[in-house]
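*Asks:* starting from these lines, generate the structure:
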Amino acid sequence: MSYRAVLVAALADTVAVGVFVAVGRASHAESEDVLGLLTTAAPFLLAAALARAVPLVRRVPAGLRAGAVVWPVTVVAGLAVRAAVTGRLPWVFALITAAVLGVLLLGWRALARPLVRGPASPGGTTRLAA
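*Replies:* Numbers count the residues shown, from 1 in each chain. Next comes the predicted model:
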């Protein structure tokens, strides 16, 4: 695990959650103010941070296996926090959340796969894992 790889993955996950929130709020004609975006994103950002505590995610944070952990943890924990705060959880929102975050959180990892699995350096590490 390298500090750089963890930082890049955390940033990419944050961008993925931000895109999900911004598009969702825009599709419902909700305000685009920063406070509204942060309030909506907070449960999912906290959940994604929780997922980064899993050893597999820390070892190769940009890998698809890490994404297979980050995605469901972000969805389930994020929806749980959101439901606790709002007092409701529409099933359609839960399904859309799972689908969109799956595409975004796994998608950037799939696109980064050539970098993660690229030629090993003399030290035996890959480019993003170095």
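*Asks:* mind listing the helices in the protein by residue range?
*Replies:* For the chain, the helices defined by DSSP state H occupy 3-27, 34-51, 55-59, 64-86, 91-116.
*Asks:* burial check on the spatially closest residue to residue 6 that is not a sequence neighbour, number of neighbours?
*Replies:* Excluding its sequence neighbours, the residue lying closest to residue 6 (Cβ to Cβ, 6 or more residues apart in numbering) is residue 61, at 5.2 Å. Using the backbone N, CA and C atoms, a C-beta is placed for each residue, glycine as well. Neighbour count of residue 61, defined by other Cβ atoms under 10 Å: 28.
*Asks:* so what's residue 61 up against?
*Replies:* Taking Cβ atoms under 8 Å, 6 or more residues apart in numbering as the contact definition, residue 61 lies against 1, 5, 6, 8, 9, 10, 52.
*Asks:* what's the local residue count around residue 90?
*Replies:* 11.
*Asks:* how about the helices of the chain in CSV, adding mean pLDDT?
*Replies:* Output for these, formatted as CSV (pLDDT from 0 to 100):
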stretch, mean pLDDT
helix 3-27, 92
helix 34-51, 93
helix 55-59, 92
helix 64-86, 96
helix 91-116, 93
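*Asks:* can you give me phi and psi for the residue nearest to residue 6?
*Replies:* Note on residue 61: its backbone torsions stand at phi -60, psi -20 [degrees, to the nearest 10].
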